[in-house]
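Kindly return the folded structure for what I paste below:
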Amino acid sequence: MKRIVLSLLVVFLFASSFNAEDGKKFGNDLTVKEKTLISKILETPNDFVGKKVLVEGTVVGVCKKRGCWIDIASDKEYEKIRIKVNDGEIVFPMELKGKTALVEGEVYVIQPHPEHKKDNEKEGDECVVPEVKYQIKGLGAVVK
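Numbers count the residues shown, from 1 in each chain. Below you'll find the model as predicted:
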């Protein structure tokens with residue numbers, strides 16, 4: 001009986017150390033199997049709006065107030081995409097910056113308000129509408 005308990009304990013410890021090597025999990029389990037390049041999403045974002053994707057990259061920014069978003073570097077230089085989560089559902093700690101994240105979520109578009117003007121616009125000038133932005137609504141992540 002002692003051998004069985006000891007064997008089960010060894011198996012349990014091995015299994016837990018194996019999972020720890022997989023990284024820290026946030027939110028839901030990842031279900032999408034195939035990764036999508038961030039550069040591909042940013043190149044033709046409308047092709048991805050409303051679709052669930054799995055992206056991977058280095059965490060280059062983290063929300064300092066509530067941990068409600070992270071920015072992930074693209075596979076191309078000077079590109080990144082924001083992963084936004086509902087406040088409190090997932091909280092990304094600041095120490096994730098510089099680590100590799102595998103994130104699953106749904107691509108969506110943020111349309112600027114048509115009456116929004118840039119700060120440096122002078123009165124009487126034509127209204128300058130900011131760019132449309134694309135983000136991923138984060139559902140789950142694993143960070144190593």
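
now the closest residue to Ile83 other than its chain neighbours, what's its secondary structure?
Leaving aside its chain neighbours, Ile83 sits nearest to Gly138 (4.3 Å; criterion: CB to CB, 6 or more residues apart in numbering). For the C-beta atoms, the positions are set from N, CA and C on the backbone; glycine is no exception. Three-state call for Gly138 (DSSP: H, G, I helix; E, B strand; the rest coil): strand.

same check, this time on Tyr78
The three-state assignment at Tyr78 reads coil, by three-state DSSP.

So what's the residue count around it?
6 (other CB atoms under 10 Å).

One more: Ile83?
27.

Return the distance of Val143 relative to Thr100.
Per CB to CB, to the nearest Å, Val143 is found 7 Å from Thr100.

Settle it for me: which of the two has more neighbours?
Val143 (18 against 15).

quick one, what contacts the closest residue to that one other than its chain neighbours?
Excluding its sequence neighbours, the residue lying closest to Val143 (CB to CB, 6+ apart) is Ala101, at 4.7 Å. Ala101 is in contact with Glu56, Gly57, Thr58, Val59, Ile70, Ile72, Ile83, Ala141, Val142, Val143, Lys144, counting by CB atoms under 8 Å, 6 or more residues apart in numbering.
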